[in-house]
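Enquirer: pasting the sequence and the predicted coordinates here, then a few questions.
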Amino acid sequence: MGFEFTKETYSGGIKEITLGQGDKAVTVGGESCYPFYNFEGEMPHKPKIAMEIWDMEPEEWPAAALSPFKDVISDPAAWAKKCVDQFGADLICLKFDAIHPDKEDKDAEHAVKVTKDVLAAVGVPLILWGCGYDDKDNKIMPKVSEAAKGENCLIGIVSEDNYKSLTAIALADGHHLITAAPLDINIAKQVNILVSDMGFPLEKIVTYQATGALGYGIEYVYSIQERQRLAALGGDKMMAMPIICDVGYESWRTKEAKQADIPQCGAPGDRGPMWEAATAVCLLQAGADILRMRHPKAVATVKNFINQLW
């Protein structure tokens, strides 16, 4: 007799969201099964890759990560265009690092200009990611949100202690929202409840657990995301959101990816992208729907992996 898969059935599923506009819009979520388990349910949309750009030249990126963008690194719009046209980014994640008070302490005028420039340069959806300093994000990101009004962006990030301002502007300007938790499934659920209590639709939330890289806590990150996905499939509506992972940042700050003086581990130009790709592939299988990534080699490898499983 032929082999038959043992199949699980689920009462819940992941909410489907669409970012951007027109023929460049991107849809994620909608799963009714575990990642790539198409024999048990539906996974209607491929996971998507958001290539990361900054509003300033990154000072802490290692040379191997900067190298593919050395001709555009000082021009966010050109940087974004290269990511889309040459490297196949599905989305662009614009990180506002220059507004951080410990960096260049740029003002809202700077952030708005960069946002408009990038919107004019590419047609793919934008993720608008604050600097992580709450007071500055609460001051600047409302202006950024207004500048991108009508573009159906993904904006964030909001946490348990700082969600009211960004939730209100995302609601007013028609954007989606990233809700964050520090690797805690209960806090993740609580942030979604708080945001929902302000009238923000659950269908417009993407959840973000702090991401770990290969060799640096990835097994714990995997287990948290796995529990979150299983809770959603089990019918928990407050956990039934697509997941975004910050793969590039976590991968390229590991010593194995960034150090140049460990030749026994291979050249940094190969080692770093491999570390990023391995991290991404692992998190895809835990349920990631959007991957924030940096290096074109890693992006190409992960896109190939997704297509092979598809």
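Expert: That came through, no problem.

Enquirer: this structure: helices as residue ranges?
Expert: When assigned using DSSP state H, the helices of the chain occupy the ranges 63-66, 76-85, 108-121, 134-147, 164-173, 185-197, 218-233, 247-252, 255-258, 268-284, 296-309.

Enquirer: roughly how far is the longest one from the heart of the chain?
Expert: In terms of CA atoms, centre = their mean, to the nearest Å, the centre of helix 268-284 is set 15 Å apart from its chain centre.

Enquirer: do the same with the third one
Expert: The chain centroid and the centroid of helix 108-121 are separated by 20 Å, computed with CA atoms, centre = their mean.

Enquirer: can you find the helix or strand of this protein with the lowest average pLDDT?
Expert: Among the secondary structure pieces of the chain, namely its helices and strands, helix 255-258 has the lowest mean (mean pLDDT, DSSP states H and E), a mean of 89.

Enquirer: restricting to C-alpha, output stretch 276-283 in CSV.
Expert: Taking C-alpha atoms only, stretch 276-283 is exported to CSV below (Å, rounded to 0.1, in the frame of the first residue of the first chain):
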residue,chain,number,x,y,z
GLU,A,276,22.3,35.7,6.8
ALA,A,277,20.8,33.2,4.4
ALA,A,278,21.0,30.3,6.9
THR,A,279,19.2,32.5,9.6
ALA,A,280,16.5,33.4,7.1
VAL,A,281,15.9,29.9,6.0
CYS,A,282,15.5,28.7,9.5
LEU,A,283,13.0,31.5,10.4
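
Enquirer: related to what we said a few turns ago, packing partners of the least confident helix or strand of the chain?
Expert: Helices and strands touching helix 255-258, as assessed by 3 or more CB pairs under 8 Å, 6 or more residues apart in numbering; DSSP states H and E, comprise helix 63-66, helix 268-284. The way it works is simple: take the backbone N, C-alpha and C, and place the C-beta from them, glycine included.

Enquirer: if we go to 7 Å?
Expert: Using 3 or more CB pairs under 7 Å, 6 or more residues apart in numbering; DSSP states H and E as the contact test, the elements touching helix 255-258 are helix 268-284.

Enquirer: contacts for the helix it packs on, please.
Expert: Where contact means CB atoms under 7 Å, 6 or more residues apart in numbering, the residues beyond helix 268-284 that reach it are 35, 47, 62, 64-65, 67, 213-214, 218, 221-222, 225, 245, 247-248, 250-252, 254, 256-258, 260, 265, 291, 293-295, 297-298, 301-302, 305.

Enquirer: and stretch 24-44, by the same measure?
Expert: When contacts are defined by CB under 7 Å, 6+ apart, stretch 24-44 is touched by residues 5, 7-8, 10, 13-20, 45, 48, 90-91, 123-125, 229, 242, 284-285, 287, 289-290, 309.

Enquirer: endpoint to endpoint, it covers what distance?
Expert: For stretch 24-44, the separation between the terminal residues is 17 Å (CA to CA, to the nearest Å).

Enquirer: how far out from the middle of the chain is that stretch?
Expert: The chain centroid and the centroid of stretch 24-44 are separated by 17 Å under CA atoms, centre = their mean.

Enquirer: in that stretch, what counts as buried?
Expert: When neighbours are counted by 16 or more other CB atoms under 10 Å, the buried residues of stretch 24-44 are found to be 26-35, 40-41, 43.

Enquirer: next: stretch 124-139.
Expert: For stretch 124-139, burial by neighbour count (16+ other CB under 10 Å) applies to Val124, Pro125, Leu126, Ile127, Leu128, Trp129, Gly130, Cys131, Tyr133, Lys136, Asp137.
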